[in-house]
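Chemist: Generate coordinates for the sequence data below:
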Amino acid sequence: MIAHLTVTTRGKGLHEFTRDLQETVSGSGIQEGLCTVMVQHTSASLTIQENADPSARRDLEAWMERHVPEGDPHFTHTFEGPDDMPSHIWAALTATTLSIPIERGRLALGTWQGVYLWEHRTRGSRRRCVVHIGA
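Modeler: Presented below is the predicted three-dimensional model:
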């Protein structure tokens, strides 16, 4: 089964969409299998991250900001602004596809794990994800 999810972001940062993804899995009727998610953008990525303590997400975001900052004078790909090239580097360093096992009709995530779209652009956006669910 193929489905599409749109994640609306308010700007740079981690945006959890575990609930929407789980609803898609539940609606498929698949009890055991694999859920593969791919973001169809080059300036956003996907990650599984702690969803209990927001400081874990803030620290991860701050670490990336320090290592790949906006406005680096060495970047030439700046057509869409100072966040243009950093957003592509962030996507290259992270993941654009995730695969999550399905057990008993549920995503087999750990207790404190959530699925996030990581928006790398300063402005908000509507990010499209393709979801493949198979037995």
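Chemist: What pairs with whichever helix or strand Ile100 is part of, parallel or antiparallel?
Modeler: Using DSSP states H and E, the element containing Ile100 is strand 97-103. If you go by DSSP bridges, strand 97-103 pairs up with strand 33-39 (antiparallel), strand 106-107 (antiparallel).
Chemist: Flag every buried residue along that strand.
Modeler: By neighbour count on 16 or more other CB atoms under 10 Å, the buried set for strand 97-103 is Leu98, Ile100, Ile102. Heads up, the C-betas are built off the backbone N, CA and C, glycines and all.
Chemist: Okay, buried residues for whichever strand in the chain runs longest please.
Modeler: When the chain is parsed with DSSP state E, its longest strand is strand 126-134. When burial is assessed from 16+ other CB under 10 Å, strand 126-134 yields the following buried residues: Arg127, Cys129, Val131, His132, Ile133.
Chemist: can you count the residues close to Val115?
Modeler: 24 (other CB atoms under 10 Å).
Chemist: Please read the previous query as pertaining to Met85.
Modeler: 21.
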